[in-house]
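Novice: can you look at this prediction? I've put the sequence above it.
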Amino acid sequence: MDKKIAKTVYNSMRLEGYKKALEENGIHFDRDMVIITGVGIEDGYNAVNQAISKGIDFDSIFCYNDMLALGVIKALKEKGFSIPEDVSIVGYDDIIFSSFVCPALTTVRIDKYRSGYEAFKILIDIVKGNRKKIKKRV
């Protein structure tokens with residue numbers, strides 16, 4: 001699978017999950033509250049500056065990944081925000097560095113080993129000819 005396509009798929013899946021969580025809790029989805037950006041530290045830094053310059057009022061930020069969250073934290077601190085008193089930040093992936101920022105980043109942990117193991121099992125089934133139908137696993 002092309003990396004660009006894979007990135008787009010994961011982005012859209014996470015966005016759909018966000019929308020679903022809002023809906024299940026009776027909260028209206030506001031497209032203006034979503035900033036589409038890259039996934040690196042600098043991207044998070046720039047996204048916060050973009051949100052502030054657009055006048056977006058926020059008290060929490062859910063980041064696509066922990067690297068993005070690290071950039072968000074840096075920008076917020078430079079702007080004088082206190083974390084988590086003024087703005088709560090949540091990352092995704094639980095990378096090792098998430099525990100080294102102050103305060104430690106709240107993050108969603110995914111089991112990368114298990115994901116890789118399951119993908120490998122599917123690949124072996126395909127190579128052996130045991131899997132005719134492509135099956136999506138989340």
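Specialist: Okay, I see it.
Novice: what strands line up against the longest strand along the chain, and which way round?
Specialist: Assignment by DSSP state E gives strand 88-92 as the longest strand of the chain. Strand pairing for strand 88-92, using DSSP bridges, gives strand 60-62 (parallel), strand 106-108 (parallel).
Novice: want to try TSV for those, with mean pLDDT, distance to Met13 and mean neighbour count as columns?
Specialist: All C-beta spots, glycine's among them, are computed from the backbone N, C-alpha and C. Below are these laid out as TSV (pLDDT from 0 to 100; distance: least, CB to CB, whole Å; neighbours: other CB atoms under 10 Å):
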stretch	mean pLDDT	distance to Met13	mean neighbour count
strand 60-62	92	14	17
strand 106-108	89	13	16
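Novice: mind putting those strands in TSV, distance to Lys20 included?
Specialist: Shown next, in TSV, are these (distance: least, CB to CB, whole Å):
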stretch	distance to Lys20
strand 60-62	13
strand 106-108	15
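Novice: so which of those strands is nearest Gly38?
Specialist: strand 60-62 (15.3 Å; CB to CB).
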